[in-house]
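> quick check, what structure comes out for this input:
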Amino acid sequence: MAVYLYALTSSGGVPLYSRTLGDGKPLPYPVVASLNGVHMYGKSGDVELLSAYSEQFNICWKTFHDSITLILAADKRLYNQRQIEDLLQTAFDGMVMLFGIDDLVSIKNVERFKRDIRVSYALLDYILRLYSTNSYSDITQCVDILASKSSDILQNTLNAFTDAASSLHGCLLINGRVMVATPEWCSLSAKEQILLCHAVNSLYLAPAARDVPIYLPNTSPNVAQRLVTFTLVDGVEVCLLCGQTPSLAQLEKEVGRFWQPFLDSLKSVQNSVDRNLPKDINVDSNILGFVLMNNRTSKCLSCYPSEPDEYNSQLALSSNIESKRNLLKKFVLSVLEMYPSFSGLEVLDSGSKSKTTAMETYSCARLYKCYAVNQPPHNMFLLFSAKVPTYAMSTVSRKLLEVVLKDRII
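Presented below is the predicted three-dimensional model:
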């Protein structure tokens, strides 16, 4: 299975870069030239080629600002057509975040651009392999969050730290997901919040501190800001958006003063990221995992509460959590495609003015069952053991949803 991303100039079809992920070999240049050629041929006749598919691959084209054309081809088992369209936009936004919009809109020196754009390779590769991460953002377009009883004290600490840093935008990431964030960070668009998380997660060998210039695709695509991050413990980072001051050295002096007393709390949260729920919330033993979305705040909570047992271990691919995550991703994607109301969209019945809203749906397989509940602005998608009676899934699902919402986790 493979994913291919190619960038070319829109006017002349000059290759700018290519990225290949998976076990496939890079496509021969004549194939890439043909993919671009058929797109340019359509433009000459005022026809825009958006997508196509073969027996194995889905293919999408998209031109941005009449400057850059991106071509994405992905194995059908990894991404469907809608996901590929979203990935193209996310890839371009990722280029904007690390490169700025001005030089993308007007490429003056192609060879220099090829060298400079390499700064975005790590982020682009991370975006292309979202299918294999614990993130649901490529499906839900929501920010992945964590839930813990320690959130209040960590929120207060983050607020105090951002004040000391003369910043309004701060966020605490644990294993790539948002634990707490300042109101100003949350006021950024969901797309910008997701991209900021991707940018931090794409840098594997995280130093103790880093200071990276970034552009926000919606808020400030022309003016760079500083993304400053500090690694508190392995897998835990505090992130700030800053202006020209204070310096990285000045901020480093404040990190220990604010965060040292809470390292044990951070490690405790990190050890429970799979369950991702406060311990006082009981989850039915038949629930293998669930995803909870809030379409209003664009937040997404994923949880895998049950321990592997003799029965659900049959689901394992390489690990039990990975298997559950893959099954949940497929179910969430299928429901969002089939029932737009789960995404907060209103659908009119054909031939009438009445609105159609799907409230619940389910599917059954030999080894597992799935159930989805639509309670605007929240959606819950659950993975059950096949042992649970089908008639009981609605009651169990709504009971858990009520408990989680009552705790105001999301």
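
> what about the helix or strand where A91 lies, distance to the chain center?
In the assignment (DSSP states H and E), A91 maps to helix 81-99. Its chain's C-alpha centre and that of helix 81-99 lie 11 Å apart, by CA atoms, centre = their mean, to the nearest Å.

> in that helix, what's buried?
In terms of neighbour count (16 or more other CB atoms under 10 Å), helix 81-99 has its buried residues at 81, 83-88, 90-99. All C-beta spots, glycine's among them, are computed from the backbone N, C-alpha and C.

> which elements pack onto that helix?
If contacts are counted by 3 or more CB pairs under 8 Å, 6 or more residues apart in numbering; DSSP states H and E, helix 81-99 sits against strand 51-53, strand 57-64, strand 68-75, helix 101-105, helix 121-128, helix 137-140, helix 190-201, strand 209-216.

> and the ones you listed, which is most packed in?
Ranked by mean neighbour count, the helices and strands packed on helix 81-99 are led by helix 137-140 with a mean of 24 (mean count of other CB atoms under 10 Å).

> who's in contact with it?
Contact with helix 137-140 is made by 83, 86-87, 90, 130-131, 143-144, 194, 197-198, 291, 293, 300, 329, 332-333, 336, as judged by CB atoms under 8 Å, 6 or more residues apart in numbering.

> so how far is that helix off the chain centroid?
Remark: helix 137-140 is offset 5 Å from the chain centroid, using CA atoms, centre = their mean.

> can you tell me the average pLDDT over that helix?
The average pLDDT within helix 137-140 is 92.

> need the helices for the stretch 251-400 of the chain, in chain order.
Counting by DSSP state H, counting those that start in this stretch, the stretch 251-400 of the chain has helices at residues 263-271, 320-338, 393-406.

> averaged pLDDT, the first one. What do you get?
Taken as a whole, helix 263-271 carries a mean pLDDT of 90.

> that one packs against which elements?
Judged by 3+ CB pairs under 8 Å, 6+ apart, helix 263-271 is in contact with helix 151-164, strand 169-174, strand 220-233.

> can you give the domain ranges for the chain?
Using automatic domain parsing, the domain ranges for the chain come out as 2-132, 149-271, 287-406.

> can I get the ones you listed in TSV with distance to I281?
Below are the domains of the chain laid out as TSV (distance: least, CB to CB, whole Å):
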stretch	distance to I281
domain 2-132	28
domain 149-271	10
domain 287-406	6
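
> low-confidence bits of the chain, can you list those?
Counting by pLDDT under 70, the chain shows low-confidence ranges at 204-206, 306-319, 344-356.

> how about a cut-off of 50?
For the chain, residues meeting the criterion pLDDT under 50 lie at 308, 310-311, 316-319, 352.

> one step back: who wins for proximity to D46 among the helices and strands packed on helix 263-271?
Nearest to D46, of all the helices and strands packed on helix 263-271, is strand 220-233, at 28.7 Å by CB to CB.

> quick one: contacts of the closest one?
With CB under 8 Å, 6+ apart as the contact definition, strand 220-233 has outside contacts at 96, 100-102, 165, 196, 199-200, 206-216, 237-244, 248, 251-252, 255, 259, 263, 266-267, 270.

> I'd like the helices of the stretch 251-400 of the chain as TSV, with distance to M40 appended.
Formatted as TSV, the helices of the stretch 251-400 of the chain follow (distance: least, CB to CB, whole Å):
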stretch	distance to M40
helix 263-271	49
helix 320-338	31
helix 393-406	50
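
> buried sites along stretch 280-295?
Of the residues in stretch 280-295, 281, 283-284, 286-295 count as buried by neighbour count, 16+ other CB under 10 Å.

> which one of those residues sits closest to S341?
N295 (10.2 Å).

> ok, that closest one - contacts?
Taking CB under 8 Å, 6+ apart, we find N295 in contact with 142, 343-344, 376-379.

> for M179, same thing?
Shown in contact with M179 (CB under 8 Å, 6+ apart): 145-146, 148, 151, 154, 172-173, 269.

> in TSV: those, plus distance to D66 and neighbour count.
Shown next, in TSV, are the contacts of M179 (distance: CB to CB, whole Å; neighbours: other CB atoms under 10 Å):
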residue	distance to D66	neighbour count
I145	37	22
L146	41	26
S148	47	23
S151	45	18
L154	46	21
L172	40	26
L173	36	23
V269	47	23
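
> now these in CSV, with distance to A392?
As requested, those are arranged in CSV below (distance: CB to CB, whole Å):
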residue, distance to A392
I145, 29
L146, 29
S148, 29
S151, 32
L154, 37
L172, 38
L173, 37
V269, 32
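
> of all those, which comes closest to S18?
Nearest to S18 among the contacts of M179, with distances taken as CB to CB, is L173, at 29.8 Å.

> element containing the closest residue to that closest one other than its chain neighbours, please.
Excluding its sequence neighbours, the residue lying closest to L173 (CB to CB, 6 or more residues apart in numbering) is E237, at 4.9 Å. Here E237, judged by DSSP H and E, is contained in strand 236-242.

> C-alpha coordinates for that strand, CSV please?
In CSV, the C-alpha atoms belonging to strand 236-242 read as follows (Å, rounded to 0.1, in the frame of the first residue of the first chain):
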residue,chain,number,x,y,z
VAL,A,236,4.9,15.7,26.8
GLU,A,237,5.4,19.2,25.3
VAL,A,238,4.2,22.7,26.2
CYS,A,239,3.7,24.9,23.1
LEU,A,240,3.5,28.7,22.8
LEU,A,241,2.9,31.2,20.0
CYS,A,242,5.1,34.2,20.6
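
> quick one: residues in contact with it.
Here strand 236-242 makes contact (CB under 8 Å, 6+ apart) with 158, 161-162, 165-175, 185, 196, 200, 206, 225-232, 251, 255, 259, 266, 270.
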